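Colleague: Need coordinates for the below:
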Amino acid sequence: MHEGIKVLIVDDEEQFRVTTRKILNKKGFDVILAADGEEALNMLEQAPDIVVLDIKMPGMDGHDVLKEIKKRASEVPVIMLTGHGKEPSAREALEQGAFDYLAKPCEVDLLSAKILEAYHFSNVDKPGEEKLVRDIMIPITDYTTITEDEDVGEAISKLWESFSTVSPTNGPLPARHLFIVVFDAEGRIKGILTILDLLKAIMPSYLSIAKPFPADAIQYSPIFWRGAFRREVDLLAGRKVKEIMSPAPMTIEYDVNLMEAAYLMATQQPRRMVVTRKGEAAGVLREQDLFFEIQRILEKKKG
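Modeller: The predicted structure follows:
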């Protein structure tokens, strides 16, 4: 989690402000809101660590507000938000001193990563210093969870809910984690339930029966498949999660260096690892999180 990092969101769209605060609060950020440029400048008295600033606003637009922020609190990084196709305006903001810019709507993991990048750039990073696993992992609280003894039908409903909350016009896109973390009754991670697990689970047992030669070369007819999908899905809903889930991913410690994490990913080829802290699950490290850090380092070098 990211306790102690105060983020000022400046946007004239109320729904965007409220939705963004809710999501970032869940990640542990301390979020304050401003509806326009004047309010944002007044809220600099609350000493935000990062400002997320929309470019297009009535009255003072984002460029005007950025100029004033740089006069009053030049050390505060500003991340600009711009609509798609507005890159020239965003590049102008970079020339005016913005830390970076993102196009709306933006995926919540990307927004969170960019806020952390700006914070580390201003407060933490030293030449040659690398982040640790804890700095780039996705907190376990961001994931949909279920217990191993619940029905698969309930798991499907929870996974669907994580997709159906996407609001491309009123806020950042929720993180799309394509699996559910499965716990036992004592709160220990027992496995994960992926979409692929669901597909494997609806395969009828007769499909795995070996066909005698030369029947193994015979293709099934369209009639053979008819109705099978709906029938097997109906049966799937009542099964227990523990019957079809995948084993828990390998674990990695909270304070491990990123090169060690990359080594494990490259040699043992897990696509994700459970991050543990004092024996408890703290988050999940995915291969794309390491990719995001690779991109961050190269972009920083260009700058």
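Colleague: Mind listing residues that contact stretch 249-259?
Modeller: By C-beta atoms under 8 Å, 6 or more residues apart in numbering, the residues outside stretch 249-259 that reach it are 130-134, 136-137, 192, 260-261, 264, 268, 270, 272-277, 282-285, 290, 293. Bear in mind the C-beta positions are built from the backbone N, C-alpha and C, glycine included.
Colleague: Buried residues, that stretch. List them.
Modeller: Residues Pro249, Ile252, Glu253, Tyr254, Val256, Leu258 are the ones in stretch 249-259 that count as buried (16 or more other C-beta atoms under 10 Å).
Colleague: ends of that stretch, how far apart?
Modeller: Across stretch 249-259, the terminal residues are separated by 19 Å (C-alpha to C-alpha, to the nearest Å).
Colleague: try stretch 92-112
Modeller: Stretch 92-112 has its terminal residues 23 Å apart, counting by C-alpha to C-alpha.
Colleague: still on that earlier bit, in helices only, show me the contacts of stretch 249-259.
Modeller: Cross-referencing the contacts of stretch 249-259 against helices under DSSP state H gives Val133, Arg134, Ile136, Glu260, Ala261, Leu264, Gln268, Leu290, Glu293.
Colleague: I'd guess Gly4 is in a helix, am I close?
Modeller: No. Counting by DSSP: H, G, I helix; E, B strand; the rest coil, Gly4 is not part of a helix but coil.
Colleague: just checking, what packs against the lowest-mean-pLDDT helix or strand in the chain?
Modeller: None of the helices or strands of the chain scores lower by mean pLDDT, DSSP states H and E than helix 87-95, at a mean of 77. Contacts defined by 3 or more C-beta pairs under 8 Å, 6 or more residues apart in numbering; DSSP states H and E place helix 87-95 against helix 62-72, strand 78-83, strand 100-104.
Colleague: so where's the stretch 101-250 of the chain uncertain?
Modeller: 124-130, 164-177, 210-219 (pLDDT under 70).
Colleague: re the thing from before, hmm, which of the ones in helices among the contacts of stretch 249-259 are the buried ones?
Modeller: Val133, Arg134, Ile136, Ala261, Leu264, Leu290, Glu293.
Colleague: hang on, the earlier thing: now the ones in helices among the contacts of stretch 249-259 as a markdown table including distance to Ala47?
Modeller: Compiled in a markdown table, the ones in helices among the contacts of stretch 249-259 are given as follows (distance: C-beta to C-beta, whole Å):
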| residue | distance to Ala47 |
| --- | --- |
| Val133 | 29 |
| Arg134 | 25 |
| Ile136 | 26 |
| Glu260 | 36 |
| Ala261 | 33 |
| Leu264 | 39 |
| Gln268 | 44 |
| Leu290 | 33 |
| Glu293 | 28 |
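Colleague: Mind listing what's buried along the least confident helix or strand of the chain?
Modeller: Within helix 87-95, the residues scored as buried using 16+ other C-beta under 10 Å are Ser89, Ala90, Glu92, Ala93.
Colleague: All set, thanks.
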